[in-house]
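Engineer: Using only what follows, build the 3D model:
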Amino acid sequence: MGALIRRKNKKFDYNPRYYKNKNEDGENINPYKIKGKFDDFRNTLGKSGGLKSRFRLAVDDLKSEQSKTSIKIISITIAILVLIFLFFIDFDLSIFTTKN
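Structural biologist: Reported below is the predicted structural model:
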């Protein structure tokens, strides 16, 4: 039975003995905490839950305003790259026009 269950990664919470720096909330700041570059901007990180809640958080993150502008930029870039590719393979765009 245990062969199908995935093992969780271990989390280490190391606090140095003589480092007493505190943040605004009075909690100790861990200088050795490994944090991603964009962790402050994502709302899907750090919240555990089922598959449904993770999917809902990912969809909410996708619907944000910054995401809409980035999707627009990415789609324009892909369209330009497709047109450049069609130019290189000498694709004839006249097949899409109607002849009288």
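Engineer: got any ranges where this structure has weak pLDDT?
Structural biologist: Where the chain drops to pLDDT under 70, the residues are 1-2, 14-16, 19-20, 24, 26, 28, 30-31, 42-48, 65-67, 100.
Engineer: so is the residue lying closest to Leu93 once chain neighbours are set aside in a helix, a strand, or just coil?
Structural biologist: For Leu93, ignoring the flanking residues on the chain, the nearest one in space by Cβ to Cβ, 6 or more residues apart in numbering is Leu86 at 7.3 Å. Yep, even glycine has a C-beta here, placed from its N, CA and C like the rest. Using DSSP: H, G, I helix; E, B strand; the rest coil, the structure places Leu86 in helix.
Engineer: Distance check, Leu86 against Ile73.
Structural biologist: 21 Å (Cβ to Cβ, to the nearest Å).
Engineer: Repeat that for Lys10.
Structural biologist: From Lys10 to Ile73 the distance is 39 Å (Cβ to Cβ).
Engineer: where do the helices sit along this protein?
Structural biologist: Assigned by DSSP state H, the helices in the chain fall at 51-62, 65-88.
Engineer: Packing partners of the first one?
Structural biologist: Using 3 or more Cβ pairs under 8 Å, 6 or more residues apart in numbering; DSSP states H and E as the contact criterion, no helix or strand is in contact with helix 51-62.
Engineer: That helix to helix 65-88, inter-axis angle?
Structural biologist: Between helix 51-62 and helix 65-88, the angle comes out at 80 degrees (axes from the mean of the first three to the mean of the last three Cα atoms, to 10 degrees).
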